[in-house]
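Asker: Just the structure for this:
(chains A, B and C)
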Amino acid sequence: MHAFQIPLMPPYSFERLFQRLQTHPDPQLEVQAENNLLRRVFRVGSRPVLTSLQFVGSIDQPVLQVGTTSALSAEERDELVRTIRHVFCADLDLLPIYEQMQEEAELAVLVKRFRGLRLMHDSDLFQSMVKTIIGQQINLTFAANLTQRLLALAGDEVVDERGVKFLAFPTAEAVARLAVEDLRPLQFSQRKAEYIIDYARAIVDGTVELERLWAMEDEEVVAHLTALRGIGRWTVECLLMFGMGRPNLLPAADIGLRNGISLVYKLDTKPDEKEIRRMGERWEPWRSIYSLYIWEAVGAVKRKEVWEE
DNA sequence: GTCCAGGACTCGC
DNA sequence: GCGAGTCATGGA
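Answerer: Have a look, this model is predicted:
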């Protein structure tokens, strides 16, 4: 085992991260909550590397202890560290965001309750988009099942030292080689299978260049990608938030966010997209973090956490 | 059985 | 431009 440490920006709540994973299962993660331990495969270059991630320290002095089963060159290790810092949102300063959130009593409650909660981002933009398309319309549990089945069908297998098998997320090339008929038996709808395969082929043939997105403004990315069939505004907003880590996204049409706002503000009805965008104006430029904390209020209810104020 | 899930597309008006 | 229907499954 090759080990090293990555310091994280405080506050960082491992407890909240693991609780969130209960309601937001990730098929790529092996979770050992009792040890604050995660294991998954990251791609370094194109090479799948099995990685263990143990959270040590505390909410105010958080450190990630990283181990890989295979040896890495200095360059590979730098790339893996960059990926991990991105995935675990290691560099975001939450304090000014909390200060702003506390201006609203309904949100100050969330800051107190979820202090140190950060988004887990996707490790690359291809898988972020595929997972988001899979998640369109269906519940999170079913979405995780479909993602797991796609991993089993087209992912790359990595075996650890004890012979336990892990799957790396399929490459765009592997998904581009699939046919709709391969995904239908996995309970992908006809259209969803088409969207995912078409998207993978657009990546492989160069119609879409994901690396160019990093230089674009949020709305440019929306305009650029919604031109593709099966990719609407919600999907690109999720890509920007979960895949790219952009801080100011508000997926106002999202059913979970609508439920969350209704819950947090104790409304009798679900606000519509227009109302949410109007409310969100005062949350700029941190609307992604507001969204996360509002979503998590719904997650806490699903987990039957006791809600006290 | 019914309704809703962290949507998007197509069609008819 | 806007509403209704469609897709597919699982959990409440």
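
Asker: residues near the residue of chain A found nearest DNA strand C, how many?
Answerer: Nearest to DNA strand C, among the residues of chain A, is A:Ser189, at 2.3 Å (Cβ to the nearest atom of the strand). Glycine gets a C-beta too; all of them are placed from N, C-alpha and C. Applying the criterion other Cβ atoms under 10 Å, we find 15 residues in the vicinity of A:Ser189.

Asker: host element of A:Phe4?
Answerer: A:Phe4 is located in strand A:2-7, with elements delineated by DSSP states H and E.

Asker: just A:Leu38 next, same as before
Answerer: In this structure, A:Leu38 sits in strand A:37-44 according to DSSP H and E.

Asker: what residues does the helix or strand following that strand touch?
Answerer: Past strand A:37-44, heading to the C-terminal end, the next element that is a helix or strand (DSSP H and E) is strand A:47-57. When contacts are taken as Cβ atoms under 8 Å, 6 or more residues apart in numbering, the neighbours of strand A:47-57 outside the stretch itself are A:1, A:12, A:14, A:17, A:35-43, A:62-70, A:72, A:76, A:80, A:84, A:88, A:156, A:158, A:160, A:166, A:168.

Asker: And stretch A:53-69, how far out from the chain middle?
Answerer: Taking the mean of its C-alpha atoms, stretch A:53-69 sits 19 Å from the chain's own mean (Cα atoms, centre = their mean, to the nearest Å).

Asker: From one end of it to the other, what's the distance?
Answerer: Start and end residues of stretch A:53-69 are separated by 12 Å (Cα to Cα, to the nearest Å).

Asker: Show the average pLDDT along it.
Answerer: Taken as a whole, stretch A:53-69 carries a mean pLDDT of 97.

Asker: Could you list the buried residues of it?
Answerer: Taking 16 or more other Cβ atoms under 10 Å as the neighbour-count basis, stretch A:53-69 is seen to contain the buried residues A:53-55, A:57, A:62, A:64-66, A:68-69.

Asker: Ok, stretch A:147-164 next?
Answerer: Buried residues in stretch A:147-164, counting neighbours by 16+ other Cβ under 10 Å, are found at A:147-151, A:153-156, A:158.

Asker: now stretch A:106-121
Answerer: A:107, A:109-111, A:113-114, A:116-121.

Asker: what do you get for stretch A:128-147?
Answerer: A:128-136, A:143-147.

Asker: Only C-alpha atoms, please: export the host helix or strand of A:Ala193 in CSV.
Answerer: Here A:Ala193, judged by DSSP H and E, is contained in helix A:190-204. Coordinates of each C-alpha in helix A:190-204 appear next as CSV, following Å, rounded to 0.1, in the frame of the first residue of the first chain:
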residue,chain,number,x,y,z
GLN,A,190,-35.4,3.3,-24.9
ARG,A,191,-34.8,7.0,-24.9
LYS,A,192,-32.5,7.1,-21.9
ALA,A,193,-30.3,4.4,-23.6
GLU,A,194,-30.2,6.5,-26.7
TYR,A,195,-29.3,9.7,-24.9
ILE,A,196,-26.4,8.1,-23.1
ILE,A,197,-25.0,6.2,-26.1
ASP,A,198,-25.4,9.3,-28.4
TYR,A,199,-23.6,11.4,-25.8
ALA,A,200,-20.7,9.0,-25.5
ARG,A,201,-20.4,8.9,-29.3
ALA,A,202,-20.3,12.7,-29.4
ILE,A,203,-17.4,12.6,-27.0
VAL,A,204,-15.5,9.9,-28.9
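
Asker: low-scoring stretches of chain A, by residue?
Answerer: Regions of chain A meeting the criterion pLDDT under 70 cover residues A:307-309.

Asker: Let me see the ranges of the strands in chain A.
Answerer: Counting by DSSP state E, one finds strands in chain A at the ranges A:2-7, A:30-32, A:37-44, A:47-57, A:62-68, A:156-159, A:165-168.

Asker: Any chance of TSV for those, columns distance to DNA strand C?
Answerer: Formatted as TSV, the entries for those read as follows, by distance: least, Cβ to the nearest atom of the strand, whole Å:
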stretch	distance to DNA strand C
strand A:2-7	35
strand A:30-32	18
strand A:37-44	23
strand A:47-57	28
strand A:62-68	32
strand A:156-159	24
strand A:165-168	20
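
Asker: Same list (those) but as TSV, adding distance to A:Leu183.
Answerer: What follows is these, written out as TSV (distance: least, Cβ to Cβ, whole Å):
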stretch	distance to A:Leu183
strand A:2-7	36
strand A:30-32	25
strand A:37-44	22
strand A:47-57	22
strand A:62-68	32
strand A:156-159	18
strand A:165-168	16
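
Asker: Select, out of those, the one closest to A:Arg282.
Answerer: Comparison of the strands of chain A against A:Arg282 by Cβ to Cβ identifies strand A:62-68 as nearest, at 29.7 Å.

Asker: what lines up beside the closest one in the sheet?
Answerer: Within its sheet, and counting by DSSP bridges, strand A:62-68 is paired with strand A:2-7 (antiparallel), strand A:47-57 (antiparallel).
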